[in-house]
Structure formats: C-alpha cells, structure tokens
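1. what follows is a protein structure lacking sequence information:
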C-alpha cells in the first residue's frame, strides 16, 4: 500500500502494543506508512515476535478515535521493530491516511 502518493513518513506517535491480545506497553513510532510502522520498543518488550496488534489514537471533532491494527514484526534493529500491517478496516485505513498525510496538509495550509 506504500506508493509515491503515500510514502513513509517520519512521525512520533504514541502507540500501544498488544501481545496475544493484551495491552503490553506504550511505545513511540519513528516512521509510518499505510502498510507498516517502525516502533521504538520499550526495554520491557522482550518478545517482539509476540506483538500481534498496535493501537493508535487520533483526535477528531467528535472526540478521540482509537484504532487497532493486526501486525507482524518482521525486522528488528536494536530496539526498533518494523511492524507490517495485516488487514486494515476501511475506517482504520482512512484514519491512518488522515493522520499521516491529510492532517499535516491542513495544518500547513493554515500556517502559510
């Protein structure tokens, strides 16, 4: 799903990682796209292969939306994990696209 139209973005975003369906730790992303996230894992995330979901939150005019994404960690470099997304719901895909690309453009348009 990563294309020239939607390239990976550097973004610091708090995400909750889930291991076997249980919220395990709050971590920060360093980069994200519509197909994966690079997540700086907390020192206590000892078994990255057991991370099976990540959740991010996005503020909207209606309040805070939370979106959970099924993931597979396919690469580790130190404590930086690349989490590849599984099937995204249409709502989650739209929220991720807005968070990564459209919200920033709206902010840039208002500040310029």
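-> That came through fine. All of these numbers come straight from a predicted model, not from anything done at the bench.
2. any idea of the mean pLDDT in stretch 27-38?
-> In this model, stretch 27-38 has a mean pLDDT of 95.
3. now residue 88: phi and psi?
-> Residue 88 has phi and psi values of phi -100, psi 140 when expressed as degrees, to the nearest 10.
4. hmm, residue 56 and it touching each other?
-> No - using C-beta atoms under 8 Å, residue 88 makes no contact with residue 56, being 11.8 Å away. For glycine as for every other residue, the C-beta is placed from the backbone atoms N, C-alpha and C.
5. which neighbours do those two share?
-> Applying C-beta atoms under 8 Å, 6 or more residues apart in numbering, one finds that residue 88 and residue 56 are jointly contacted by 69, 96.
6. who's more crowded, the two?
-> For residue 88 and residue 56, the more surrounded residue by other C-beta atoms under 10 Å is residue 56, and the numbers stand at 21 against 18.
7. contacts only, for that one.
-> If you count contacts by C-beta under 8 Å, 6+ apart, residue 56 has them with 13-16, 29, 66-67, 69, 96, 99.
8. next: residue 82.
-> 36-39, 73-76.
9. filter those residues down to the buried ones.
-> 36-39, 73 (16 or more other C-beta atoms under 10 Å).
10. which one of those sits closest to residue 52?
-> Checking the buried ones among the contacts of residue 82 against residue 52 with C-beta to C-beta, the nearest one is residue 73 at 8.9 Å.
11. partner residues bridging residue 31?
-> Taking DSSP bridges as the rule, residue 31 bridges to residue 10, residue 38.
12. does it really touch residue 37, like I thought?
-> Yes - taking C-beta under 8 Å as the contact criterion, residue 31 and residue 37 are neighbours in contact, 7.2 Å apart.
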